[in-house]
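A.B. asks: Provide a 3D model corresponding to the input given below.
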Amino acid sequence: MCEPLPSGRCQQAFSTWTHQGRPLATRWAVLRAVSGTWETTSFVKVNGTSYTNTGLTSGLTYSYRVAAVSAGGTGPYSSPVSATPLAAPAGLAATAGDTRVSLAWTAVPGASAYAVLRGASSTTSLMVVVAEGLVAPAFVDSGLTNQTSYYYRVRAVGLNSVGPVSTALRAKPMPPPPSVAPAPLVATAGNARVVLSWPAVPGVSGYKVYRTTTGTFDAPPIASTTATTYTNSGLVNGTTYLYTVAAYGIGGIGPRAPAVSATPIAPPPAPTGVTASAGDHEITLTWPPTPGAATYDVFRSTASGRQGRTPILTGLTVTTFTDPNLENGPTLFYKVRAVNAGGAGPLSAEVSASPMREMTSTDVSPMIPRT
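C.D. replies: Numbering: from 1, shown residues only. Below is the predicted model of the structure:
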């Protein structure tokens with residue numbers, strides 16, 4: 001039989017026998033064959049009824065015959081016995097899955113089968129055999145508990161041989177990663193920032209946010225969040241950024257949402273050339289288009305410089321505005337600001353006007369000539 005060495009290799013064979021009615025034997029001659037080829041003479045003589053043959057080659061089959069030696073000579077040799085020294089399996093690898101662990105290792109020369117040991121620690125004596133008689137160097141251990149660590153060792157079995165166990169390997173089965181991408185992903189540009197939003201994916205731990213300016217997402221995520229929105233600030237206005245988001249759980253990261261792009265933009269400058277024209281119960285403002293503006297806000301007050309923060313009109317898409325239903329006479333003061341995705345720009349210079357009714361011929365008293 002094969003006995004493992006302390007090094008983990010099995011490179012020796014251990015044989016025992018009995019006297020079998022030969023009390024006069026003083027020594028025993030051992031004859032050996034390597035892979036079926038017998039040596040012509042005994043290669044060793046021993047005094048006892050056991051012998052350990054060391055320094056063997058793992059995977060080769062060694063056969064032995066024993067004969068009694070006494071003063072009268074060497075007796076007949078026994079029937080042969082054979083053993084194949086086996087090495088410990090190498091290259092043990094584990095792939096953890098959902099309630100399962102898949103094991104694979106390098107085939108051991110001379111092995112006819114394998115046994116798999118499993119335990120809660122790497123101590124061999126505390127492990128139990130969970131599979132044996134495996135012909136292929138692979139095994140799938142199923143029905144496990146996710147997020148629990150399992151330790152494995154493997155040993156080879158051959159002709160009259162049980163090899164040493166392999167190095168221990170730890171594996172932890174995990175549930176699968178999310179199968180759904182957080183889509184549709186929406187990107188809204190602002191001033192030196194982009195705001196992302198997406199629908200929630202049920203049962204996940206959070207989300208990974210990825211960004212690129214090259215079109216290839218080859219960098220680690222820029223952020224992890226448990227929310228379904230993320231603001232990426234500190235960006236360069238005028239640069240286009242691409243984003244994608246993936247949900248993750250304890251089992252890994254799921255698929256990514258289709259990429260979206262956004263280009264941060266600075267707020268527009270203050271409108272220039274604003275004019276105010278008075279009419280009957282109304283005032284009309286006009287100004288040239290402001291570069292980068294999407295809409296305009298109009299502010300009004302009854303005193304100079306007192307327009308406040310709340311506009312009387314927002315979202316104006318044209319460059320003219322008529323303020324109706326005013327009281328003729330009092331002076332009103334106006335400012336205009338331009339707005340885009342980057343925010344609201346500064347206020348324009350102030351303009352003012354006083355609504356008044358135009359004079360007509362009926363408003364003039366007739367002149368009566370003197371006589």
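
A.B. asks: who are the contact partners of L134?
C.D. replies: 113-116 (C-beta atoms under 8 Å, 6 or more residues apart in numbering). The C-beta positions use only the backbone N, C-alpha and C, and glycine is treated the same way.

A.B. asks: show me the strands in the stretch 101-250 of the chain, by range?
C.D. replies: 113-119, 128-134, 138-142, 150-158, 161-165, 169-171, 186-190, 193-197, 206-212, 223-225, 229-233, 241-249 (DSSP state E, counting those that start in this stretch).

A.B. asks: out of those strands, nearest to V260?
C.D. replies: strand 186-190 (4.4 Å; C-beta to C-beta).

A.B. asks: between the closest one and strand 241-249, how many degrees?
C.D. replies: Relative orientation of strand 186-190 versus strand 241-249 (axes from the mean of the first three to the mean of the last three C-alpha atoms, to 10 degrees): 130 degrees.

A.B. asks: if you count contacts, what does strand 186-190 end up packed against?
C.D. replies: Where contact means 3 or more C-beta pairs under 8 Å, 6 or more residues apart in numbering; DSSP states H and E, strand 186-190 is packed against strand 193-197, strand 260-262.

A.B. asks: let's have those in TSV, adding mean neighbour count, distance to E358 and mean pLDDT.
C.D. replies: Converted to TSV, the helices and strands packed on strand 186-190 look like this (neighbours: other C-beta atoms under 10 Å; distance: least, C-beta to C-beta, whole Å; pLDDT from 0 to 100):
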stretch	mean neighbour count	distance to E358	mean pLDDT
strand 193-197	19	50	98
strand 260-262	18	51	98
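
A.B. asks: including distance to L347, could these go into CSV?
C.D. replies: As requested, the helices and strands packed on strand 186-190 are exported to CSV (distance: least, C-beta to C-beta, whole Å):
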stretch, distance to L347
strand 193-197, 23
strand 260-262, 27
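
A.B. asks: looking at these, which is closest to A353?
C.D. replies: Of those, nearest to A353 by C-beta to C-beta is strand 193-197, at 38.7 Å.

A.B. asks: tell me what that closest one is packed against?
C.D. replies: By 3+ C-beta pairs under 8 Å, 6+ apart, strand 193-197 packs against strand 186-190, strand 229-233, strand 241-249.

A.B. asks: contacting residues around that strand?
C.D. replies: 185-188, 209, 228-235, 241, 243, 245, 260, 262, 264.

A.B. asks: now, of the residues you listed, which are buried?
C.D. replies: Buried members of the contacts of strand 193-197, counted by 16 or more other C-beta atoms under 10 Å: 185, 187, 209, 230, 232, 235, 241, 243, 245, 260, 262, 264.

A.B. asks: my guess is the first one contacts V245. True?
C.D. replies: So that's L185. Yes: assessed by C-beta atoms under 8 Å, L185 is found in contact with V245 at 5.5 Å.

A.B. asks: mutual contacts of these two, please.
C.D. replies: 196, 198, 257.

A.B. asks: how near is the residue nearest the centre of the chain to A246?
C.D. replies: What sits nearest the mean C-alpha location of the chain, by C-alpha atoms, centre = their mean, is I253, with 4.2 Å. I253 sits 5 Å away from A246, going by C-beta to C-beta, to the nearest Å.

A.B. asks: ditto for T74
C.D. replies: 78 Å.

A.B. asks: please apply the same query to A219.
C.D. replies: Counting by C-beta to C-beta, the gap from A219 to A246 is 14 Å.

A.B. asks: just to revisit the earlier point, by neighbour count, which of the contacts of L134 wins?
C.D. replies: Within these, neighbour counts (other C-beta atoms under 10 Å) peak at Y114, which reaches 25 neighbours.

A.B. asks: how close does the residue nearest to it when sequence neighbours are not counted get to V157?
C.D. replies: Leaving aside its sequence neighbours, Y114 sits nearest to L134 (C-beta to C-beta, 6 or more residues apart in numbering; 4.4 Å). Relative to V157, L134 is positioned 9 Å away (C-beta to C-beta).

A.B. asks: who touches both of the two?
C.D. replies: 113-115.

A.B. asks: and what about P291, helix, strand or coil?
C.D. replies: coil (DSSP: H, G, I helix; E, B strand; the rest coil).

A.B. asks: correct me, but it touches A266?
C.D. replies: No: counting by C-beta under 8 Å, P291 stays clear of A266, with 10.9 Å between them.
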